[in-house]
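J.: next input, structure requested:
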Amino acid sequence: MVEMGRFPVPSLATRTWVPPSTPAVQEQQPAVDLTPPPAQVQAPVELPPSPVAQPAVVVSRPGQGIGVPILTYHWIRVNPVPNDTLGFHLSVTPDNFAQQMDFLHFAGAHPITLAAAMSALETGKPLPARPVILTFDDGYGDFASRATPVLQRYGFVGTDYVVSGFIGHTAYMNTDQIHQVEAAGMVIGCHTVNHVDLARVAPQVARMQITVSHQQLEQLLGHKVLDFAYPYGGFNYQVEQMVLADGFRDAVTTQGGTWLQLANRGAWPRLHIDGADGLASFAEKALTGTRADVVQELLHGYATRGAPAPQPSPTPTQRVATNGGGNDDRRLA
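T.: As a prediction, the model looks like this:
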């Protein structure tokens, strides 16, 4: 072990390590291995044209809030178990993900980093038109093999919150893949050691999960890791203060919403992208803040330009009940 800070930091090679007194965490592993050997991806020669650029989002005073949707993905896969309802809702198929990113490009949306959002809040620096933040939870292997090549195609950036204790496990990224996606321009954030609900464990266990995972990822990457996501969205005031005190710049929840402020940087809201989302419901979330009639015009223009046809809207039995903020009421992983 290597001593770093208050806690002994196990080597990432010891991937089955579980800290003392930590409740056992049940890993939800898919029925198939989603981590094929990473392929070198080259951007295509041409991309479809984008609409005329829209005015930038301006923060008139440092510290003022901004409305930026932070989208949450989990798996980019075809759900391998048809009767796994949770797996269905947490899985966006590769085809639908590719269509969603293609639509964002067509609509003139600009994926940005959490760092860019924070800079806008701190300095008043304008953000590009239709900003959106793309986040992926858990560090699944399909982020490297399926999501990153699509993001690279459009010059988009995404942030993946990695569970440090799951690195190299079946269906999760290994260390080589983590380095590769970062080299491709993606951002690695922290998601604890064992994916525990920090609001439901003892404070000393929560602190260890935050600090050790932080140290492990910084040791692996060789630089600061500043973005954090609460597993299951579980947090409270004490947990939030632990995260910020450990040096994280920002943290995201599973609470619905798009309003970001410096005052709530330890609990920024996100919008869940569901397996049941058709292109129209995706567009409503990703373009939150854009007038509804403009969103409809963009969807119509996208459908009539020869793009792949939008997926049909899910049936009422497929659609997840939402809490009004674009996020469902179930506890998401």
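
J.: pretty sure Ile133 is in a strand, no?
T.: Yes - if the criterion is DSSP: H, G, I helix; E, B strand; the rest coil, then Ile133 is within a strand.

J.: surely it and Ile70 touch.
T.: Yes - under the criterion of Cβ atoms under 8 Å, Ile133 makes contact with Ile70 at 4.3 Å. Using the backbone N, CA and C atoms, a C-beta is placed for each residue, glycine as well.

J.: distance check, the spatially most central residue of the chain against Arg305.
T.: Taking Cα atoms, centre = their mean, the centroid of the chain lies closest to Thr135, which sits 1.6 Å from it. Using Cβ to Cβ, to the nearest Å, one gets 28 Å for the distance from Thr135 to Arg305.

J.: using PDB, write out every CA atom in stretch 207-221.
T.: Output of stretch 207-221 as PDB, limited to C-alpha atoms (Å, rounded to 0.1, in the frame of the first residue of the first chain):
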ATOM      1  CA  ARG A 207     -15.300  10.000   4.200                       C
ATOM      2  CA  MET A 208     -13.100   7.000   3.300                       C
ATOM      3  CA  GLN A 209     -15.100   6.200   0.200                       C
ATOM      4  CA  ILE A 210     -14.700   9.800  -1.000                       C
ATOM      5  CA  THR A 211     -11.100  10.300  -0.100                       C
ATOM      6  CA  VAL A 212      -9.600   6.900  -1.100                       C
ATOM      7  CA  SER A 213     -11.400   6.900  -4.500                       C
ATOM      8  CA  HIS A 214     -10.200  10.400  -5.100                       C
ATOM      9  CA  GLN A 215      -6.600   9.500  -4.300                       C
ATOM     10  CA  GLN A 216      -6.700   6.300  -6.300                       C
ATOM     11  CA  LEU A 217      -7.900   8.100  -9.500                       C
ATOM     12  CA  GLU A 218      -5.400  10.900  -9.100                       C
ATOM     13  CA  GLN A 219      -2.700   8.300  -8.600                       C
ATOM     14  CA  LEU A 220      -3.800   6.600 -11.800                       C
ATOM     15  CA  LEU A 221      -4.200   9.700 -13.900                       C
END
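
J.: the residue nearest to the centre of the chain is in contact with Thr159, isn't it?
T.: Yes - here Thr135 reaches Thr159: they are 4.9 Å apart, a contact under Cβ under 8 Å.

J.: mutual contacts of those two, please.
T.: Residues touching both Thr135 and Thr159 (Cβ atoms under 8 Å, 6 or more residues apart in numbering) are Gly189.
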